[in-house]
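Q: okay, here's the prediction I keep looking at, along with the sequence it came from:
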Amino acid sequence: MGVSYLSDAMLFLINTIFSLYILLVVLRFMLQTVRADSRNPVSQFLLAATNPPLRLLRRIIPGHAGVDWSCIILMIALQAVELFLTSLIAFGVTLAFFGLLLLSAAELLKLIIYIFMFVIFVQIILSWINPGAYNPVTALLYQLSEPLLRPARRLLPSTHGIDFSPILVFIFLQLSLMLLVRPLADLGRVLSG
């Protein structure tokens, strides 16, 4: 019984610590990708929190074609270590390398999709409560969601002042979870043994 309590506590700590730091790195990557304002206080926090490991990785892995490859490698490595440790502690098994990579990629894609869903949902709520208000967080929410909402607005323009583009984006994101992330995770499970 004592071992189960200890392993549960270790799993909780590993999942919490890794998940929070992976979230910070993913947010930094997403904000860099959409070229969000780096002077924003939230962006400054993300830069400060994630710079130490990225500074080391950038010496080995430079960016190329406008993509921060060191950030991608860090996200995948952190996710892979978390999955490896949790499977080792929970089940006493190690995962095969390629399966672990695919499972890590699936988890990261799922996290990115959930972040987009959360950002758009919060933006919708804020537009009802306090439309047009500015603060650093709402500015980043707008910068993060606009690359998805802009094409959706072209396909589905607003009607009588009501913007239906978030519904279209939610459908697209949900389909991405079903048709991209789930098959990738299933393939990763098969390859991990």
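A: Nice, I can see it. Numbers count the residues shown, from 1 in each chain.

Q: can you tell me the closest non-neighbouring residue to Ser70?
A: Spatially, and ignoring its direct neighbours in sequence, Ser70 is nearest to Leu57 (3.8 Å; CB to CB, 6 or more residues apart in numbering). C-beta coordinates here come from the backbone N, C-alpha and C atoms, glycine included.

Q: which residues touch the one helix or strand Arg182 maps to?
A: If you go by DSSP states H and E, Arg182 is part of helix 182-191. Helix 182-191 is contacted from outside by 96, 98-107, 109-110, using CB atoms under 8 Å, 6 or more residues apart in numbering.

Q: ok so, going back, count of neighbours near the residue nearest to Ser70?
A: 18 (other CB atoms under 10 Å).

Q: just confirm it contacts Ile76, I think it does.
A: No. With contact defined as CB atoms under 8 Å, Leu57 does not reach Ile76; the gap is 11.4 Å.

Q: now do the buried residues in stretch 152-169.
A: Neighbour counts using 16 or more other CB atoms under 10 Å place 152-153, 165-166, 168-169 of stretch 152-169 among the buried residues.

Q: in contact with the residue nearest to Ser70, which residues?
A: By CB under 8 Å, 6+ apart, the contact list for Leu57 reads 70, 73-74.

Q: and the next helix or strand past the helix or strand hosting it?
A: Taking DSSP H and E as the criterion, Leu57 maps to helix 41-60. Moving toward the C-terminus from helix 41-60, the next helix or strand (DSSP H and E) is helix 69-91.

Q: gap between that next one and the chain center?
A: Distance, stretch centre to chain centre, for helix 69-91: 14 Å (CA atoms, centre = their mean, to the nearest Å).

Q: what is it packed up against?
A: Contacts defined by 3 or more CB pairs under 8 Å, 6 or more residues apart in numbering; DSSP states H and E place helix 69-91 against helix 2-33, helix 41-60, helix 97-129.

Q: got a list of what Val119 touches?
A: Taking CB under 8 Å, 6+ apart, we find Val119 in contact with 141, 144-145.

Q: and the buried ones among those, selectable in PyMOL?
A: In PyMOL syntax, the buried subset of those is picked out as below (16+ other CB under 10 Å):
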select buried, resi 141+144+145
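
Q: residues touching the lowest-mean-pLDDT helix or strand in the chain, excluding its own?
A: Across the helices and strands of the chain, mean confidence by mean pLDDT, DSSP states H and E is lowest for helix 136-155: a mean of 90. Contact with helix 136-155 is made by 30-31, 34-37, 40-43, 115-116, 119-120, 122-123, 126, 163, 165-166, 168-169, 172-173, as judged by CB under 8 Å, 6+ apart.

Q: buried by neighbour count, from those: which ones?
A: Neighbour counting over the contacts of helix 136-155 (16+ other CB under 10 Å) leaves 30-31, 36, 40, 42-43, 115-116, 119-120, 123, 126, 165-166, 168-169, 173 as the buried ones.
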